[in-house]
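1. no sequence on hand, only this structure:
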């Protein structure tokens, strides 16, 4: 362990395959689907795509942030069982907020480094099903007393330690790094344009699985399933990328007076799930998607939480012996435009290697699932462009940053 963070290096660990659902806007076709069922969908699909018998899985790791169904406690276990994993295989819930997808891969790699042969990692998030919650009324309501129900999704954006919401922390970074409203709007506009172009080019077709109405059977147990909302019969593409321009973004009001962040240059709120299979690279019988080389996670000041990827990436490079110039692509989560620009300024990253297919400003950010999406998108870019190394990173609410280093196993010098 490093005093400035935690670093882990992995040998002979690979991501065999990874898939995701489309990211669908809040209140859209996935809005009534339990995150467990979204997780089962991608869990089954990643095993099928990899050509692996579910009974070969030794470990199930799954993550989701909000309790978006009454059986939320059972999310990891039910995802494993209904994905066809053997009943004797244990399941573990994992949570590191926006870096949950990364943490799933890190813990899977550590298990593989020990005795696990194959781990199923699933992250699933229903932002639409975040509850309207009350935490202080178990004993009832007093006559004339305050009745307090709050929107969990909205309140979760607030950090009571510094007394700031996530938007305000990005505004803090904008002031620290001298980022103008025009600059952050420009980044948001670029993110949408890049995402639309990538969508048009079919850049995500290989990683997206179509979600339709279906039933998941498990012998001896109650069936589960997916029932799409809004009379949808199937969903096959991300719903949020849309044409925009600087003039339209400039007309939006800042969330906080004097700030630069608006609804248009902050990440979209979406539902979605993703899955990956992690195992020994030497045991992979077909070309792996990526080799997982290392991870780094650090803590930063909560009031500047968005800068977290910068020290995490620095630690990752320092301990792995690589330089920024060695990294062919960076996928850094776009929680807010000012946040990702601050990281780019701090590291002196050029835009030609950063989020080249757009980011969460255009696609959306289903909290637990985003990390897996960043890694699978990054891995396929490395393979397509014959690049060797890539880094995926994200800031984490409360003041953390996490980054993963992956390698293209098909790279040719």
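-> All right, it came through fine. Quick caveat: nothing in here was measured; it's all calculated off a predicted structure. Residues are numbered from 1 along each chain as shown.
2. where do the helices sit along the chain?
-> Taking DSSP state H as the criterion, the chain carries its helices at 35-50, 75-82, 100-114, 152-155, 166-177, 181-200, 246-250, 309-320, 337-347, 360-363, 370-385.
3. what pLDDT, on average, does the third one get?
-> Mean per-residue pLDDT for helix 100-114: 97.
4. so which of the helices of the chain is the most packed in?
-> The highest average neighbour count among the helices of the chain, using mean count of other Cβ atoms under 10 Å, belongs to helix 360-363 at a mean of 30. (Glycine included, C-beta is placed from N, CA and C.)
5. I'd say residue 83 and residue 45 touch.
-> No: using Cβ atoms under 8 Å, residue 83 makes no contact with residue 45, being 9.2 Å away.
6. how about stretch 231-239: buried residues?
-> Residues of stretch 231-239 classed as buried by neighbour count (16 or more other Cβ atoms under 10 Å): 235, 238, 239.
7. which residues of the protein score low on pLDDT?
-> Low-confidence segments of the chain, defined by pLDDT under 70: 1-3.
8. export the buried residues of stretch 231-239 to CSV and append columns for distance to residue 195.
-> Shown next, in CSV, are the buried residues of stretch 231-239 (distance: Cβ to Cβ, whole Å):
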residue, distance to residue 195
235, 17
238, 8
239, 11
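9. ok, the residues you listed vs residue 308, which is closest?
-> For the buried residues of stretch 231-239, the residue nearest residue 308 by Cβ to Cβ is residue 238; the value is 25.1 Å.
10. residues in contact with the closest one?
-> Contact analysis of residue 238 by Cβ atoms under 8 Å, 6 or more residues apart in numbering lists 22, 23, 24, 195, 199, 204, 208, 270, 363, 364.
11. again, only this time at 10 Å
-> Residues near residue 238 by Cβ atoms under 10 Å, 6 or more residues apart in numbering: 20-25, 195, 198-199, 204, 208, 268, 270, 272, 358, 362-364, 373.
12. quick one: the spatially closest residue to residue 389 that is not a sequence neighbour and residue 289, what's the gap?
-> Residue nearest to residue 389 in three dimensions, not counting chain neighbours: residue 327, with 5.1 Å by Cβ to Cβ, 6 or more residues apart in numbering. Using Cβ to Cβ, to the nearest Å, residue 327 is found at 18 Å from residue 289.
13. again with residue 373
-> Plainly put, residue 373 is 13 Å away from residue 289 if you go by Cβ to Cβ.
14. check residue 338 too.
-> From residue 338 over to residue 289 the distance is 32 Å, taken as Cβ to Cβ.
15. is residue 216 bridged to anything, and to what?
-> Bridge pairing for residue 216 (DSSP bridges) gives the partners residue 224.
16. re the thing from before, more crowded one of residue 327 and residue 289?
-> residue 289 (27 against 20; other Cβ atoms under 10 Å).
17. residue 50 is in contact with that one, correct?
-> Yes: under the contact definition of Cβ atoms under 10 Å, residue 289 touches residue 50, with a separation of 9.1 Å.
18. identify the contacts common to those two.
-> Shared contacts of residue 289 and residue 50, counting by Cβ under 10 Å, 6+ apart, come down to 16, 17, 18, 276, 277.
19. who wins for most neighbours among those?
-> Highest neighbour count within the shared contacts of residue 289 and residue 50: residue 276, with 31 neighbours (other Cβ under 10 Å).
20. residues contacting that residue?
-> Neighbouring residues of residue 276 by Cβ under 10 Å, 6+ apart: 15-20, 42, 46, 50, 61, 101, 104-105, 108, 119-123, 289-290, 292, 371-372, 375-376, 379.
21. kindly recompute the last result at 8 Å.
-> Applying Cβ under 8 Å, 6+ apart, the residues near residue 276 are 15, 16, 17, 18, 46, 104, 105, 108, 121, 372, 375, 376.
22. show me what it bridges to in the sheet.
-> In this structure, residue 276 bridges to residue 18, residue 121 when assessed by DSSP bridges.
23. how close does it get to residue 259?
-> Per Cβ to Cβ, residue 276 is found 36 Å from residue 259.
24. and what of residue 214?
-> Going from residue 214 to residue 259 by Cβ to Cβ gives 44 Å.
25. ok, residue 51 next?
-> Where residue 259 is concerned, residue 51 sits at a distance of 50 Å (Cβ to Cβ).
26. tell me the contacts of the nearest residue to residue 198 once chain neighbours are set aside?
-> Of all residues not flanking residue 198 in the chain, residue 357 sits nearest, at 3.8 Å (Cβ to Cβ, 6+ apart). Listed by Cβ under 8 Å, 6+ apart, the contact partners of residue 357 are 194, 195, 197, 198, 203, 204, 377, 381.
27. list the contacts for the spatially most central residue of the chain?
-> With distances taken as Cα atoms, centre = their mean, residue 370 lies nearest the centre of the chain, 1.1 Å away. Each residue near residue 370 by Cβ under 8 Å, 6+ apart is listed here: 98, 101, 333, 360, 394.
28. again with residue 102
-> Going by Cβ under 8 Å, 6+ apart, residue 102 touches 96, 295, 297, 371, 374, 375, 392, 394, 402, 403, 404.
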